[in-house]
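Colleague: A predicted structure for the sequence below; I have some questions about it.
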2 protein chains.
Amino acid sequence: MSILITGAGGYVGQELAAALISSSPDITVTVTDVVAPTIPGSEEHRGRVKSVQADLTSTEVVDGLINETNRFDTVYLLHGIMSSGSEANFELGIRVNLDATRYILDRLRATMPGVKVVFTSSLAVYGPAQPGFIIDETNFPPVPASSYGSQKLIVETLLNDYSRRGFLDGRCVRLPTVTVRAGKPTQAASSFASDIIREPFHGKKAILPVSKETDMWICSPYTVVKNLLHARNIPKEAFGESRSVNLPGLKVSVQEMLDGLEEVGGKERRALVEEKYDADVDRIVQGWTPNFNTARAMKLGFSKDVPMIENIKQFASRFG
Amino acid sequence: MSILITGAGGYVGQELAAALISSSPDITVTVTDVVAPTIPGSEEHRGRVKSVQADLTSTEVVDGLINETNRFDTVYLLHGIMSSGSEANFELGIRVNLDATRYILDRLRATMPGVKVVFTSSLAVYGPAQPGFIIDETNFPPVPASSYGSQKLIVETLLNDYSRRGFLDGRCVRLPTVTVRAGKPTQAASSFASDIIREPFHGKKAILPVSKETDMWICSPYTVVKNLLHARNIPKEAFGESRSVNLPGLKVSVQEMLDGLEEVGGKERRALVEEKYDADVDRIVQGWTPNFNTARAMKLGFSKDVPMIENIKQFASRFG
């Protein structure tokens, strides 16, 4: 069983690769990113991971990675320029998030037709909803309020059509804001949701660019990785007319995140978070909606998230 | 005032060009298609129409058509491989419907930023809804059940983002099935809706490939052209967060169309329609939904359609 993960240098990609190789001795994983990703996992499993440096905006590079002699059973597409990044640099965002991804889909279709593709989409496919309105997959049209969300939605639309036609077997999972991410701050507008927990645990200051009253739709990395593993095991027939799913998450206010930091990490760590409003970040974040009904995800067998205090404790015990 | 119409060899493009030049002596129109379009309109106005043969899948050709020295005030994008055509030939459909259109948007953005773009999308962006469910722009997500619908939705998503960023000023009008079209049968799965009226008026047989009980969401060409003219006059601020609008139409069963044919054209013409089920056409047509609430279109000043009998009478008096 051979699996490819793009964008695997990121925190979620690393955790996913580690989880895959430890889940079965029959699984080998190729991890790729613009910089050759660290090989994750424990010593005993690492021999089954191959790390490949690849600029996916180069068609030659993609041809070298995906071809008849280099087959995969499942491909996880995690690469991308994140929300603030693709808002700041439209050309780069669309090249990486749309063009590179589409070329990969076409190469997969040509060289390993019908292969399973798990695409990490985002709650950012949705624009703002009326306060209190609860979104599910059937009652609200995605009208993205960012280029990032637009590009995610376009890939979903392509992958749905490719799946309907039998070119590929796509699964588009719309991730909540993943927090607490280890590693470094990212170019996601939501980066602060991890920063305000992670940085204080490392004794560093963190900036809070939005109001503490902001509600967010979040999920722990543990649950996200569990659900990414699950995504490839769902029979394709279970999806019906759309391959897109809003993954489970929790609606949590920034104030509750700060309270959780203080409860697990103490007052000194809480004091390291500095409020400093950023209009660009706030505009993107306020364009998202925190109210989701995830009945469809539950029916497809995805897992609920752990309580946020549990999430922070797990982060603290591993990385704090 | 200089206006470009792509796909202008088709019936709607011809009618639109004629309506534009007769609406004001200050308007000049460039009509383009893979075959140089007929110059429409009455003798006195035809001097203000330029016909250009252009294969829009060629970037050199698009560069020649759209550049700094050839500016337009409004661009109508009507070109495209229609629903059955792009279902039968995926590569051709995506090249014309998506890639050529995107390249045009990028050229417009580069050479005449902020220009008005009226894009003819389709009810085919929606997949099937529950029987009786009434769709508006806010209560139902587009999940296309055809490659044509997917490609239309992708262009809408791009044009929405381009408009949000100020690159272009887009207006995506989702057309009902346009009937009665003069001219020839097309590669639209809905072609029969015109064929079963037009062909009998020309003394020819027509094939009905779906059940007579099928309800369709239709609009007369007269109203569609009127609404395409209106689309460019709406202040962009009126659109809010989405540039996409479901245009007004009528829910009409195929039986009612046949009754209308008999009422206007008599029993002999009605007898020229032969029922011959076509599973491919039926699958696409049954994937559409005939129930729309067009309050948003009405609020934006678009016009209601005329009764279908009126529509058939107008066709008969002009082309019958």
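Modeller: Thanks, I have it.
Colleague: and A:D278, how far from chain B?
Modeller: With the distance defined as C-beta to the nearest C-beta, to the nearest Å, A:D278 ends up 19 Å from chain B. To be clear about C-beta, it is placed using only N, CA and C from the backbone, and glycine gets the same treatment.
Colleague: so how far is A:S191 from that residue?
Modeller: 11 Å (C-beta to C-beta, to the nearest Å).
Colleague: then A:D33?
Modeller: For A:D33, the distance to A:S191 - C-beta to C-beta - is 18 Å.
Colleague: same question, A:Y11
Modeller: Counting by C-beta to C-beta, the gap from A:Y11 to A:S191 is 11 Å.
Colleague: got a list of what A:D278 touches?
Modeller: Taking C-beta atoms under 8 Å, 6 or more residues apart in numbering or on different chains, we find A:D278 in contact with A:207, A:209-210.
Colleague: how close does the closest residue to A:D215 other than its chain neighbours sit to A:A100?
Modeller: Excluding the flanking residues, the one nearest A:D215 by C-beta to C-beta, 6 or more residues apart in numbering or on different chains is A:P290, at 4.0 Å. Relative to A:A100, A:P290 is positioned 30 Å away (C-beta to C-beta).
Colleague: okay, the two: which has more neighbours?
Modeller: Neighbour totals were compared for A:P290 and A:A100, and A:A100 leads with 23 against 20 (other C-beta atoms under 10 Å in any protein chain shown).
Colleague: pretty sure the more buried one sits in a helix.
Modeller: Yes: counting by DSSP: H, G, I helix; E, B strand; the rest coil, A:A100 is found in a helix.
Colleague: check which helix or strand A:V29 maps to.
Modeller: strand A:28-33 (DSSP states H and E).
Colleague: that strand pairs with which strands?
Modeller: Using DSSP bridges, the strands paired with strand A:28-33 in its sheet are strand A:2-6 (parallel), strand A:49-53 (parallel).
Colleague: what's in contact with it?
Modeller: A:1-10, A:13-14, A:17, A:20-21, A:37, A:39-40, A:48-54, A:56, A:65, A:72, A:79.
Colleague: chain A: helices as residue ranges?
Modeller: A:11-23, A:59-65, A:83-88, A:90-93, A:101-111, A:147-164, A:191-201, A:221-231, A:254-265, A:267-270, A:279-286, A:295-299, A:308-319 (DSSP state H).
Colleague: dump those helices into a markdown table; add mean pLDDT as well.
Modeller: Below are the helices of chain A laid out as a markdown table (pLDDT from 0 to 100):
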| stretch | mean pLDDT |
| --- | --- |
| helix A:11-23 | 96 |
| helix A:59-65 | 98 |
| helix A:83-88 | 93 |
| helix A:90-93 | 98 |
| helix A:101-111 | 98 |
| helix A:147-164 | 98 |
| helix A:191-201 | 96 |
| helix A:221-231 | 98 |
| helix A:254-265 | 97 |
| helix A:267-270 | 97 |
| helix A:279-286 | 91 |
| helix A:295-299 | 98 |
| helix A:308-319 | 95 |
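Colleague: want to throw those into CSV with mean neighbour count?
Modeller: Shown next, in CSV, are these (neighbours: other C-beta atoms under 10 Å in any protein chain shown):
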stretch, mean neighbour count
helix A:11-23, 22
helix A:59-65, 15
helix A:83-88, 22
helix A:90-93, 16
helix A:101-111, 19
helix A:147-164, 26
helix A:191-201, 24
helix A:221-231, 21
helix A:254-265, 19
helix A:267-270, 14
helix A:279-286, 16
helix A:295-299, 15
helix A:308-319, 17
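Colleague: which one, of those helices, ends up nearest to B:R171?
Modeller: helix A:147-164 (17.0 Å; C-beta to C-beta).
Colleague: was I right about A:I312 contacting A:I197?
Modeller: Yes: in this structure, A:I312 is within contact of A:I197 by C-beta atoms under 8 Å, at 6.0 Å.
Colleague: what sits in contact with each of these two?
Modeller: Joint contacts of A:I312 and A:I197 (C-beta under 8 Å, 6+ apart) are A:180, A:260-261, A:265.
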